[in-house]
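Visitor: quick one: sequence and predicted model below, then my questions.
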Amino acid sequence: MRAIVQLTAQYVHETVGQTPTGTPPTALGAVGTPPAGTSSSDTVAQLRAQVERVQGRRLDAPVLPVHPALASLLPGGGLRPGSAYSLPRSTSVLLALLAQPSQAGSWCAVLGMPRLGAEAAEGLGVDLSRLVLIPDPGARWLAVTSTVAEVVPVVAVRPSGRAADGEIARLAARLRDRGAVLLVQGPWPQAEAVIEVGEPAWEGVGRGHGYLAGRAVTLMSSSRRWPRSRRARVMLPDAAGHVSAAPERMRPVETLPSAGSADSFPQPIRAVG
């Protein structure tokens, strides 16, 4: 098993008090009627530029890859740099999202999850040589998260308390400035997408005997970029301990009555009572 970098909060508190270096977003100006001679493509380009200035990132910027079974749940098919995502308190979902970015060369940090297992992380595809663990960031977890986001492109955190709106806004500015991704186990304002998990079903156990071979769950994702939420049935984990799309199960074929049987014709209705 490859090594994991594990830190304590004391090593990241030194720079917590520094002021974020992000540039404040500019206000979105009113867009009126385009001047004469301006084509529709030019108008779209101008609107796009204004939105990008407000959000602090390009709308068509490349995203960090995720497993194909999870891509349909995320706008753009991956993790968008400079964005935050709200996740359920499910370690499997978190590790599944960290797997592909770490394999692609991105460092990942996990804060506030002392029980996260290295063996489970490696089983779901996380490259342990690019994983940093900070089990206990302390009461100033948000400040520690902001500091870690300066140098680590993917940061996951389980909040240990509420945070002020001003601190959340400063962290959002830092994420945009550094192009980092924030994965939060719990509600988070202005999240790029909110993922929920439900309908768990274990496979492999028969009538009182057998071994657990895999767990299928339904992941539901909502985003302000979509008119409706999306769903995906995923194996977390599958029989091999990895992430995969859940196979579609065929419904049992119902036997139809033969043409000559009495069941093939409607039966008379008789009132009762």
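Guide: Received, thanks.

Visitor: strands of the stretch 51-200 of the chain, start to end?
Guide: Using DSSP state E, counting those that start in this stretch, the strands found in the stretch 51-200 of the chain span residues 84-87, 108-111, 131-134, 154-157, 181-185, 193-205.

Visitor: low-scoring pLDDT stretches of the stretch 151-273 of the chain, where are they?
Guide: 204-210, 249-273 (pLDDT under 70).

Visitor: let's see it at 90
Guide: 160-165, 190, 198-217, 224-227, 235-273 (pLDDT under 90).

Visitor: now the helices for it?
Guide: 165-178 (DSSP state H, counting those that start in this stretch).

Visitor: can you count the residues close to Glu167?
Guide: 14 (other C-beta atoms under 10 Å). Placement of C-beta: from N, CA and C, glycine included.

Visitor: any idea what Val110 is bridged to?
Guide: Beta-bridge pairing of Val110 under DSSP bridges involves Leu133, Ala156.

Visitor: run a quick neighbour tally on the closest residue to Ser106 other than its chain neighbours.
Guide: What sits nearest to Ser106 in space, not counting adjacent residues and going by C-beta to C-beta, 6 or more residues apart in numbering, is Pro153, at 4.7 Å. Neighbours of Pro153 under the rule other C-beta under 10 Å: 19.

Visitor: same check, this time on Arg158
Guide: 20.

Visitor: from Ala104, how far off is the nearest residue to Pro200 once chain neighbours are set aside?
Guide: Nearest non-adjacent residue to Pro200, counting by C-beta to C-beta, 6+ apart: Val217, 5.0 Å away. To Ala104, Val217 is 24 Å away according to C-beta to C-beta, to the nearest Å.

Visitor: do the same with Ala139
Guide: 34 Å.

Visitor: higher neighbour count, these two?
Guide: Ala104 (13 against 10).

Visitor: quick revisit: how about the strands of the stretch 51-200 of the chain in a markdown table, adding distance to Asp165 and mean neighbour count?
Guide: A markdown table is the format used below for the strands of the stretch 51-200 of the chain (distance: least, C-beta to C-beta, whole Å; neighbours: other C-beta atoms under 10 Å):
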| stretch | distance to Asp165 | mean neighbour count |
| --- | --- | --- |
| strand 84-87 | 14 | 22 |
| strand 108-111 | 20 | 27 |
| strand 131-134 | 24 | 22 |
| strand 154-157 | 17 | 26 |
| strand 181-185 | 15 | 24 |
| strand 193-205 | 18 | 15 |
